[in-house]
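Chemist: the sequence and its predicted three-dimensional model are supplied below.
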Amino acid sequence: MNGIEEKQSVRTMIKELIPFNWELLRHAGAEPIPYHLKKWWFCLGGTVMYLFIVQIITGIMLTFYYVPSPEFAYQSIEAITHEIRFGWFIRSLHKWSSNFMIIAVFLHMLRVYFTGAYRHPRQLNWMIGVLLLGVTLSFGFTGYSLVYEQLSFWGATVATNLAEAVPLVGPYIANFMRGGPEISPNTLTRFFILHIGLLPTIAFILVGLHIFLIRIHGIKELNFKNEVMPREKKYFKFWPDHITTEMLVGIVLMYILTICSLIFPLELGEIANPNKTPLHIKPEWYFYFNFRLLKLTSLKLSVVLTGMLAFVVFFWPFIESWLTKKYRFSDRVYTSLGVFGFLGFMILTVWESFSH
Ligand code: HEM
């Protein structure tokens, strides 16, 4: 048998083993993509996905050594940081990548908002996106609590108190999170199961639906007034052109994550002490907004305001079309609303970051 015949018989064998119509895959790969996605900031969803993959890989590596019990959690992280070879690096990569992922999700959401890509027929995909944002923030919250250092322990205490203040269902949510009426060894086990089991499963399902809807609706076409994009090139191919862009972004991100982890490796604070409240409790930076709101108002009011904001963001595509029908607002009004909303978020976040 010569080389060509051998190749063909291997191909035939694979076709027999997996009777899948490969033409379909080739067809899907050749799908034309609007040319503006050549610019990285228009396809930030891919960056989020890339960072999510980094999270899964580094997270699995950390799980080999992490012990989810109050007696050993802190010690196991100490061992990862100081004893296990490259443990500090994997831990730092996991943390840096989580921060970048949250920034990328926010930026992706802003780009979708300011390009109006949430409007008909993509309203459902916007709502799935909002759920993905919630899942991403929950990853951050549960992950931080697993470290079992003073700040993470007391941060979890404040968060479960906030959950308790939700009208009607609050006590049930808080009890579910804590595994009882108070923070106990059950709480850590629950956060661990949420962080490595339930949330990843929900994330996979939602990302699957998100991508499925993107494929059936197609990416929203944008009209550039100033011809930022070349007029003659309206589309390019998903494979290999778009994938090449994504891979380049992935390589650059890997460099950035590595440099950040080398220069600013993750530290470990004091071990959690349920009997000693620290002077200054601080959540992760992406919850500064809520924390400042809490300080400015009250427990109940901050929860109600956050709930209302979440409701408006989730149903925004429908609220907007209702507003347009009733008041005939122009696009400029919605752009200004977005700018004010974003500025409000940034002001509260920066304010909290400079305060004790
Ligand atoms: C884990 C989080 C997320 C992942 C992995 C993800 C992934 C993606 C990808 C790969 C795309 C294709 C185009 C692009 O990259 O922009 C996309 C588009 C889209 N995403 Fe997301 N996304 C996430 C979160 C969100 C959030 C938080 C929102 C908004 C609340 C959102 C709303 C949308 C919409 C409406 C589109 C269609 C845009 C268009 O047609 O131009 N996504 N997403």
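Modeler: Happy to help now that I have it.

Chemist: quick one, what contacts the residue positioned nearest the centre of the chain?
Modeler: The centre of the chain sits closest to Thr136, judged by C-alpha atoms, centre = their mean, with a distance of 3.5 Å. For Thr136, the contacting residues are Met101, Ile102, Val105, Ala203, taking C-beta atoms under 8 Å, 6 or more residues apart in numbering as the criterion. All C-beta atoms are positioned from the backbone trio N, CA, C, and that covers glycine.

Chemist: how about 6 Å then?
Modeler: By C-beta atoms under 6 Å, 6 or more residues apart in numbering, the residues touching Thr136 are Ile102, Val105.

Chemist: could you give me the average pLDDT of the helix or strand hosting it?
Modeler: Here Thr136, judged by DSSP states H and E, is contained in helix 123-146. pLDDT averaged over helix 123-146 equals 97, rounded to a whole number.

Chemist: is it in proximity to the ligand?
Modeler: Yes. Contact between helix 123-146 and the ligand is present through Asn125, Trp126, Gly129, Val130, Leu132, Leu133, Thr136 (criterion: C-beta under 6 Å from any ligand atom).

Chemist: reformat the residues you listed as TSV; add distance to Tyr35.
Modeler: Listed next are these as TSV, based on distance: C-beta to C-beta, whole Å:
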residue	distance to Tyr35
Asn125	21
Trp126	23
Gly129	23
Val130	28
Leu132	26
Leu133	28
Thr136	29
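
Chemist: which one of those sits closest to Ile219?
Modeler: The shortest gap between Ile219 and any of the residues of helix 123-146 next to the ligand belongs to Asn125, at 10.9 Å (C-beta to C-beta).

Chemist: which residue is the nearest non-sequential neighbour of whatever residue of the stretch 201-350 of the chain ends up closest to the ligand?
Modeler: With C-beta to the nearest ligand atom, the shortest gap between the stretch 201-350 of the chain and the ligand falls at Lys220, namely 3.6 Å. Of all residues not flanking Lys220 in the chain, Ala117 sits nearest, at 4.2 Å (C-beta to C-beta, 6 or more residues apart in numbering).

Chemist: before we move on, what SS does that neighbour have?
Modeler: Under the three-state scheme (DSSP: H, G, I helix; E, B strand; the rest coil), Ala117 adopts coil.

Chemist: state the mean pLDDT of the longest helix seen in the chain.
Modeler: The residue-count maximum for a helix in the chain (DSSP state H) belongs to helix 87-114. Taken as a whole, helix 87-114 has a mean pLDDT of 98.

Chemist: what's the answer for stretch 184-198, then?
Modeler: Over the span of stretch 184-198, the pLDDT mean works out to 94.
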